[in-house]
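I would like the atomic coordinates for the input below:
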Amino acid sequence: MIVTIDGPAGAGKSSISRQVAQRLGFEFLDTGAMYRAVAWAVLRNDRELTDETAVAEVANQIGIDLSGGRVLVDGVDATDDIRSPEVTQATRFAASNTAVRMHLVGLQQQFGREKDLVTEGRDQGTVVFPHAECKIFLTASPEERARRRVADLATRGVAAEFDDILAQQNRRDEEDSSREVGPLRKADDAVELCTDGMTPDEVIQRLIDIVQQRQAAL
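Numbers count the residues shown, from 1 in each chain. Below you'll find the model as predicted:
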């Protein structure tokens with residue numbers, strides 16, 4: 001069974017989806033980490049983010065390993081570095097690159113073959129796994145998502161202003177929704193869940209309930 005969890009930046013998809021997968025005993029695929037890994041590698045190799053060909057070359061040359069909850073790029077642990085504000089700003093160049101998206105979509109589809117999987121991203125239910133048995137669109141208000149992002153950065157010792165994060169997030173939402181390839185869009189058959197006012201445990205339990213209801217209906 002494949003469970004897709006799509007939604008905008010800051011909706012808490014990665015942490016929530018990982019815990020849902022663990023509770024269900026499913027594999028977990030963090031596709032956002034894959035785009036961040038490409039952006040991190042581009043910066044690390046001093047390539048120009050605005051050079052689409054160079055960014056695509058980096059994506060095709062690197063090896064990304066997401067096993068064990070870590071993000072290894074060519075064997076280097078980049079788990080924490082890919083969440084830095086610098087990489088967050090740079091990730092849009094990888095996410096909007098058609099060649100990069102085609103390459104990573106192929107890797108994601110390969111990962112999802114013949115296994116129970118929870119996968120999160122922007123286009124998992126619409127492009128990567130359009131025939132997934134369970135699709136969820138996880139969202140929250142822009143202000144709530146910005147507050148969570150500021151708190152997340154604070155736990156890692158990174159100071160950030162709420163207004164700056166909100167502005168960056170709004171721009172990311174616009175870019176994610178308007179790009180030609182793999183735009184952020186709710187699948188027609190997805191269940192939408194707004195998490196404003198919900199604790200992480202409440203969100204996890206609600207998602208598990210949705211998955212189990214879908215399992216029972218198959």
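
domains of the chain?
1-26+116-217, 30-115 (the TED database).

using JSON lines, lay out the ones you listed together with mean pLDDT and mean neighbour count.
The way it works is simple: take the backbone N, C-alpha and C, and place the C-beta from them, glycine included. Formatted as JSON lines, the domains of the chain follow (pLDDT from 0 to 100; neighbours: other C-beta atoms under 10 Å):
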{"stretch": "domain 1-26+116-217", "mean pLDDT": "92", "mean neighbour count": "18"}
{"stretch": "domain 30-115", "mean pLDDT": "94", "mean neighbour count": "17"}
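
what helix or strand is the nearest residue to residue 111 once chain neighbours are set aside on?
Closest residue to residue 111 apart from its sequence neighbours, by C-beta to C-beta, 6 or more residues apart in numbering: residue 29 at 5.5 Å. Assigned by DSSP states H and E, residue 29 belongs to strand 27-30.

name the helix or strand for the residue nearest the centre of the chain, please.
For the chain, the residue nearest the mean C-alpha position is residue 32 (3.0 Å; C-alpha atoms, centre = their mean). Using DSSP H and E, residue 32 falls within helix 31-44.

kindly report the same for residue 136.
Assigned by DSSP H and E, residue 136 belongs to strand 134-139.

partner strands of that strand and their direction?
Strands flanking strand 134-139 in the sheet, each with its direction: strand 2-6 (parallel), strand 191-194 (parallel) (DSSP bridges).

in CSV, list those strands along with distance to residue 126.
Listed next are the strands paired with strand 134-139 as CSV, based on distance: least, C-beta to C-beta, whole Å:
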stretch, distance to residue 126
strand 2-6, 7
strand 191-194, 14
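
for residue 215, which of these is the nearest?
Closest approach to residue 215 among those is made by strand 2-6 (9.6 Å; C-beta to C-beta).

touching, residue 84 and residue 160? I think so.
No. Assessed by C-beta atoms under 8 Å, residue 84 is found out of contact with residue 160, at 11.1 Å.

tell me where the chain has helices.
Ranges of helices in the chain, per DSSP state H, are 13-24, 31-44, 52-61, 85-95, 98-111, 142-155, 162-178, 200-217.

of all these, which one comes closest to residue 194?
Proximity to residue 194, assessed across these by C-beta to C-beta, is greatest for helix 142-155 (9.0 Å).

find the nearest non-adjacent residue to residue 34, please.
The shortest distance from residue 34 to any non-neighbouring residue, by C-beta to C-beta, 6+ apart, is to residue 104 (5.2 Å).
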